[in-house]
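Q: structure for the following, please:
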Amino acid sequence: MKVEMFDFELPEELIAQVPLENRASSRLMVLDKKTGETKHDNFNHILKYLQKGDCLVLNDTKVLPARLLGSKPDTGAKIEVLLLKQVDGDKWETLVKPAKRVKKGTTISFGDGKLEAICIDEQEHGGRILEFHYDGIFYEILDSLGKMPLPPYIKEQLEDQDRYQTVFAKERGSAAAPTAGLHFTKKLLEEIENRGINIAFITLHVGLGTFRPVSVENIEEHDMHSEYYSISEETASLLNEVKEQGGRIISVGTTSTRTLETIVESNGHFKAGSGWTDIFIYPGYTFKAIDGMITNFHLPMSTLIMLVSALAGRDHVINAYNEAVTERYRFFSFGDAMLII
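A: Numbering: from 1, shown residues only. Got it, this is the predicted structure:
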C-alpha cells in the first residue's frame, strides 16, 4: 500500500497555532465508518452521540516540560535539549541541538547551574544519553526550567503551558500531548458520567516518533516507533464489563487506540499490564478492542491518518478530510475533532 494514498491538500492557514479559549468549543465532525456520511457539530454536543453504557477511554499521560535551554559552562555556547525517555534514574535519552557541540563528556548547565547534565553516550541523529545532576527534586526543577515541547508545525508561543495538557493528565512521561483529550473540560466529563457513560483511563507515554514522517514508499515497510503503556486491573475489569453488557468502547485519540489494540486478547478480552508497544495500524487491520474513536485531524501521509483510515476506510477518511478543508476546520494538535462511530 502506497504512502501517497494518504495524502491530501492542506492550506497552511488551517493548521491551528493556538488553542481556543474554551477547550470544548471546537468543532466536531461526526463520521459514519460504515457509510462515510458526515455531520457537522460542536464538541460541546458530544453527548448526543454517546449512549448509556458506553465507555470513553482516555490517556492520562502528562506531558513533561521537556525542552531545556542551556549552555556549555566552558564556552557559553547555547545548547537546546529535548528529553525523550528516562533510561535509568537520572539518565535520559535526549535530542540535542546543535549536536556537534555535545560530545561524550560534555557538560551542559541550565538555570545558572540549578541543573547540570553530562553527556555519557552519543547516538545517531542528534541523540545523546545525558546524566543529570541537581539538588532537590528533578521534576520540580524541570517544572521551573523546562518548556512544553510543542510540535514543529506550531510556530506561536504558548502563553498558558497547561493548554498543552489534558485536564485529567496524571502520569508524567510524554514528549507530546494526547491531543484528542485536549477538548474535554472537567465539567463536560462530569456531564458524561452523569449520563451513565463510563470513563476509563489508560496510560501511553507519547514519544516524538508520533511526528516522524513515513519515509518509505510502501507503508508495510515502515518501522514503527515504540512507546510505553500501562493499563490497571480496574480499567481492564471495567472494559470487560462494558463489553459483556453490550456497551461500546470509544477510544479518545490514536494513543488510547494503540494501547487498547495492544493489550486486547484475540477473544476481545482485556487484560491489565504494562510494556512497550510498536503496533502499526493501517487499512486491512481488524479491530478487536474499539467500536469508535474521537480524534483530531492529522498530518497528510502520517501513521495517524493511516490508523484512522483502518477504522473508517481510506476513501471515507480522505473524503472527510477534504470536506474538513472545504469547511475550514482547524487541523492538528490545537485543531478541531472528529468522532468516528
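Q: against which helices or strands is the longest strand along the chain packed?
A: Once the chain is assigned using DSSP state E, the strand that runs over the most residues is strand 78-88. Packing partners of strand 78-88 (3 or more CB pairs under 8 Å, 6 or more residues apart in numbering; DSSP states H and E): strand 67-71, strand 91-97, strand 107-110, strand 127-134. Just so you know, the C-beta spots here come from the backbone N, C-alpha and C atoms, and that holds for glycine as well.
Q: just checking: what are the partner strands of it?
A: Strand pairing for strand 78-88, using DSSP bridges, gives strand 67-71 (antiparallel), strand 91-97 (antiparallel).
Q: alpha carbons only: can I get it in PDB?
A: Taking C-alpha atoms only, strand 78-88 is exported to PDB below (Å, rounded to 0.1, in the frame of the first residue of the first chain):
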ATOM      1  CA  LYS A  78      23.900  27.700  23.600                       C
ATOM      2  CA  ILE A  79      22.500  24.200  23.700                       C
ATOM      3  CA  GLU A  80      18.900  23.000  23.400                       C
ATOM      4  CA  VAL A  81      18.000  19.700  24.900                       C
ATOM      5  CA  LEU A  82      14.700  17.700  24.500                       C
ATOM      6  CA  LEU A  83      14.000  14.900  26.900                       C
ATOM      7  CA  LEU A  84      12.700  11.900  25.200                       C
ATOM      8  CA  LYS A  85      12.800   9.000  27.600                       C
ATOM      9  CA  GLN A  86      14.000   8.200  31.100                       C
ATOM     10  CA  VAL A  87      16.600   5.400  30.700                       C
ATOM     11  CA  ASP A  88      17.600   4.700  34.300                       C
END
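Q: buried stuff in it?
A: Neighbour-count burial for strand 78-88, counted by 16 or more other CB atoms under 10 Å, picks out Ile79, Val81, Leu82, Leu83, Leu84, Lys85, Gln86.
Q: and which of the residues you listed is nearest Val167?
A: Leu83 (23.1 Å; CB to CB).
Q: how far away is that closest one from Pro98?
A: Using CB to CB, to the nearest Å, Leu83 is found at 17 Å from Pro98.
Q: where does the nearest residue to Met306 once chain neighbours are set aside sit: helix, strand or coil?
A: Nearest residue to Met306, sequence neighbours excluded (CB to CB, 6 or more residues apart in numbering): Tyr282, at 4.1 Å. Secondary structure assignment for Tyr282 (DSSP: H, G, I helix; E, B strand; the rest coil): coil.
Q: for Tyr282, grab phi and psi.
A: phi -150, psi 170 (degrees, to the nearest 10).
Q: surely it is in contact with Met5?
A: No - using CB atoms under 8 Å, Tyr282 is not in contact with Met5, being 10.1 Å away.
Q: so these two - more neighbours on which side?
A: More crowded of Tyr282 and Met5, by other CB atoms under 10 Å: Tyr282, with 20 against 14.
Q: who's in contact with that one?
A: Met1, Ile219, Thr303, Met306, Leu307, Ser309, Ala310 (CB atoms under 8 Å, 6 or more residues apart in numbering).
Q: what about the second one, neighbour count?
A: Read that as Ile219. 19.
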